[in-house]
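> pasting a predicted model and its sequence here:
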Amino acid sequence: MMTPRFLPVLGLLLFLAHADGAPADRDPIRLTHGPMLGNPTAHTMAVWGRTSDPGEFLVRYGTSPNTLTEASAPAFTHIEDDNTGVAQLTDLAADTRYFYQIEVGGRPHGLPGSFHTLPDSAEVRNEKYNPDGLFNFRFQIGSCANQNPYHGIGHRSPVYENLNQSWAEKVHFHIMNGDWSYEELREYPAEAWRLVQGQQHLPELVQAMPAVVGCWENYKLYLSRGVELARWHRNVPSYFTFDDMKNHRSGALRQCHGFTRTQHQGAESNAGEQTLAGFGIDVTGAQQPFRIVVRHFHQTRPGLYPRVTHHR
């Protein structure tokens, strides 16, 4: 006859056998992070999101916050991308403010957002007065979003508070010039990530570069804790440039930022103005060289956007 002192041991063995042979029940799929906006054009916008498990989401959108009559095609999330995906909004009207909401399983998830599409060169072209179809646009540029209190200002983000209050509805897009993620949770074990995700095996991508898990955990921490940062990216589409911190992480570039497209090729300064030259930010959507002249830009006053001239 089994004595009572062996019952806890038997219970533990039965639990371990069950855990090894079958995955634990999980909550229904939900949106855990996002939305974030990126890759803006006159007629398209990308909306990033992360779900708790592999699955799908879509975006409802429209020109009134109370009338979201349009819907995107489903965006699929995959475990090898840490359950992230991107929905594409197409056939948008140029130079127009839109409102949107992510849905998972037919229900709204996460907070709503808005954005303003870029003007369309073809729509503003005039044979006599504007034969090149030039137009004005505004953007904000910045770098570094450190939330670590040991070598930064801490969890609060006064710059993003100012940006959200004064500039979110005045700019067409944002350039994050490096250092979006930092060292917090960057050594997160791949095996711990696997257990949290309820996976039997590590995806091939994580096996090849396990350090990418730390990158994933860091941006999720910053989006969850950085309320104003998440609010900004929910309402202003962004371009991201690579920085040295992400370049040395076992090639874990694609997973750090889903909208990385801008390549900062260099800068030169002349008497009161700065010229940024490179590839990637072309309001027509084509991969062409660009030159942006920034005049009277004061670096000590974050949030102020420069007056810009776009050259082909």
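Yep, that arrived.

> in the stretch 151-300 of the chain, where is pLDDT below threshold?
Across the stretch 151-300 of the chain, the ranges flagged by pLDDT under 70 are 242-300.

> what segments of it are strands?
173-176, 238-240, 263-270, 273-279, 289-295 (DSSP state E, counting those that start in this stretch).

> flag every buried residue along stretch 126-144.
Using 16 or more other Cβ atoms under 10 Å as the test for burial, stretch 126-144 gives Phe135, Phe139, Gln140, Ile141, Gly142. All C-beta spots, glycine's among them, are computed from the backbone N, C-alpha and C.

> quick check: Asn218 touching Tyr182?
Yes - counting by Cβ atoms under 8 Å, Asn218 touches Tyr182, with 6.5 Å between them.

> CA-only coordinates of stretch 86-103 in PDB, if you can.
Extracted in PDB, the C-alpha atoms of stretch 86-103 (Å, rounded to 0.1, in the frame of the first residue of the first chain):
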ATOM      1  CA  VAL A  86       2.200  43.300 -41.200                       C
ATOM      2  CA  ALA A  87      -1.100  44.200 -42.800                       C
ATOM      3  CA  GLN A  88      -1.000  46.300 -45.900                       C
ATOM      4  CA  LEU A  89      -3.600  49.100 -46.400                       C
ATOM      5  CA  THR A  90      -4.000  49.900 -50.100                       C
ATOM      6  CA  ASP A  91      -5.900  52.200 -52.400                       C
ATOM      7  CA  LEU A  92      -5.800  55.000 -49.800                       C
ATOM      8  CA  ALA A  93      -6.600  58.600 -50.800                       C
ATOM      9  CA  ALA A  94      -3.600  60.900 -50.900                       C
ATOM     10  CA  ASP A  95      -3.000  63.700 -48.400                       C
ATOM     11  CA  THR A  96      -5.800  62.300 -46.200                       C
ATOM     12  CA  ARG A  97      -6.200  61.400 -42.500                       C
ATOM     13  CA  TYR A  98      -7.300  57.900 -41.800                       C
ATOM     14  CA  PHE A  99      -8.300  56.100 -38.600                       C
ATOM     15  CA  TYR A 100      -7.800  52.400 -37.900                       C
ATOM     16  CA  GLN A 101      -8.300  49.600 -35.500                       C
ATOM     17  CA  ILE A 102      -6.700  46.100 -35.400                       C
ATOM     18  CA  GLU A 103      -9.100  43.100 -35.100                       C
END
